[in-house]
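>>> whatever this is, show me its structure:
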Amino acid sequence: MSEIAVDPLPEQVKAFLANHPDGEPVYMLNLLKFKARATYKDGEDISGAQAYARYGEAFGKLVASLNIDGAHSVFGGKMGSWLIGQGEGEWDAVAIFRYPDAKTMFATVSSEAYRKIHKHRKAGLEGQLLIACDGGSIF
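The predicted structure is shown next:
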C-alpha cells in the first residue's frame, strides 16, 4: 500500500522543484482520502468531504483571483470501481490540476492567501498522494 500524507517532506519539495523545468506545465494528480468527520478547531461537525469541498471552492477562487495564465482544474471526481488491478478502497476522490510550471504551483500554495484556506484542507483530508506529472504525451 502507498504511504499517504497531508503535507510534503522538505526533500520532496526540493526534488519537485528540481525535476520540473521553468516554463513547462505540470499536472498534479491528486488521490484523496477524506476523514469521516472534519477536525476543525472550533469543533464544527461536518464530513471531511464537505470540509475539503470548501477548500476546493476557495482554492478555485484563489487561483482565479491571481489570474495565473494556464492554471486550471482539468478533472475532479469521486473514486469509482476498479477496472484493472485492485485496491482496498483507499481513495475517495481523484483530481488533476494544471499549473504553468512548478515554481508557480509552489508559489501559489506558499502564499498568505493560500494559508487562509488551508484549514479546510487540513480539517477534511486524512491524506493523499500528490503526483507531479509533466505535459509530455505517451500516446
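>>> center of this structure, which residue is that?
Centrality entry for the chain: nearest residue to the mean C-alpha point is residue 30, 5.0 Å, by CA atoms, centre = their mean.
>>> report the beta-bridge partner residues of that residue.
With DSSP bridges applied, residue 30 shows beta-bridge pairing to residue 95, residue 130.
>>> that one and residue 128 touch, don't they?
Yes. At 5.8 Å, residue 30 counts as touching residue 128 under the criterion of CB atoms under 8 Å. Using the backbone N, CA and C atoms, a C-beta is placed for each residue, glycine as well.
>>> how many residues are close by the closest residue to residue 31 other than its chain neighbours?
Spatial nearest neighbour of residue 31, excluding adjacent residues (CB to CB, 6 or more residues apart in numbering): residue 129 at 4.3 Å. For residue 129, the neighbour count with other CB atoms under 10 Å is 16.
>>> show me the contacts for the residue nearest to the centre of the chain.
Counting by CB atoms under 8 Å, 6 or more residues apart in numbering, residue 30 touches 93-97, 128-130.
>>> among those residues, which two are most distant?
97 and 129 (13.9 Å; CB to CB).
>>> which strands or helices does the helix-or-strand element of the chain with minimal mean pLDDT pack on?
Every helix and strand of the chain was ranked by mean pLDDT, DSSP states H and E. The lowest is helix 10-19, at a mean of 90. When contacts are defined as 3 or more CB pairs under 8 Å, 6 or more residues apart in numbering; DSSP states H and E, helix 10-19 sits against helix 102-109.
>>> check which element follows the helix it packs on along the chain.
helix 112-124 (DSSP states H and E).
>>> point out where the protein drops to low pLDDT.
Counting by pLDDT under 70, the chain shows low-confidence ranges at 1-2, 89.
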